[in-house]
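Enquirer: everything below, folded, please.
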Amino acid sequence: MKAFAIIQMTGGAPDIGELSYHGYVLCAQIGQNWGAYIFSGTAGELTAINALPQVYGICSLAGGRPHLAPELDNVIPPGVRTRLNTWLTARGYPTIPAGWTYRQVVLAIFRRMNGIFELEGNDIADS
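Expert: Below you'll find the predicted structure:
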């Protein structure tokens, strides 16, 4: 499985303690404190990472190439959107409107952090 998330970081690495995962790619960052990541791991590993207070999970994918994942075309649930909007507002970024898909959310947030981010150019091996 794979997941998109915004995570507090230290030296480019996600601040997730000793939790296990298969791998990650840092796609974008704000200063030295926050990174936008794609993670790879089992469902249990990704769920444990997303449960941390310094992790703002966006969505999980069954696997394969992220830009082709059908899950990205689903509308983001209100609870996830609200939590992300709280994080965005605290940093002076525009919020995510209701009705947006995961694809729109990932592209909007990751591009705010890295103006040249392209979904097609970022991936991590499945676990």
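Enquirer: any idea how far the spatially closest residue to Ile7 that is not a sequence neighbour is from Trp87?
Expert: Residue nearest to Ile7 in three dimensions, not counting chain neighbours: Pro14, with 4.3 Å by Cβ to Cβ, 6 or more residues apart in numbering. For glycine as for every other residue, the C-beta is placed from the backbone atoms N, C-alpha and C. Relative to Trp87, Pro14 is positioned 15 Å away (Cβ to Cβ, to the nearest Å).
Enquirer: higher neighbour count, those two?
Expert: Shown here are Pro14 and Trp87; by other Cβ atoms under 10 Å, Pro14 has more neighbours (23 against 14).
Enquirer: show me what that one is bridged to.
Expert: Met9 (DSSP bridges).
Enquirer: does it touch Gly23 like I think?
Expert: No. Using Cβ atoms under 8 Å, Pro14 makes no contact with Gly23, being 11.0 Å away.
Enquirer: pLDDT score for Arg111?
Expert: You'll see Arg111 listed with a pLDDT of 89.
Enquirer: would it be right to say that it lies in a helix?
Expert: Yes. Membership of Arg111 in a helix is supported by DSSP: H, G, I helix; E, B strand; the rest coil.
Enquirer: what's the closest non-adjacent residue to it?
Expert: Using Cβ to Cβ, 6+ apart and skipping residues adjacent in sequence, the residue nearest Arg111 is Phe117, 5.0 Å away.
Enquirer: did I read that right, that neighbour in a strand?
Expert: No. Counting by three-state DSSP, Phe117 is not part of a strand but coil.
Enquirer: distance check, the residue nearest to Ile7 against Leu88.
Expert: On the measure of Cβ to Cβ, Pro14 and Leu88 end up 19 Å apart.
Enquirer: tell me, how many residues neighbour the nearest residue to Ala36 once chain neighbours are set aside?
Expert: Counting by Cβ to Cβ, 6+ apart, Ala36 lies nearest to Ala28, which is 4.1 Å off, once chain neighbours are set aside. By other Cβ under 10 Å, 19 other residues sit near Ala28.
Enquirer: ok, now which ones touch Ala28?
Expert: 35-36, 110-111, 113-114, 117 (Cβ atoms under 8 Å, 6 or more residues apart in numbering).
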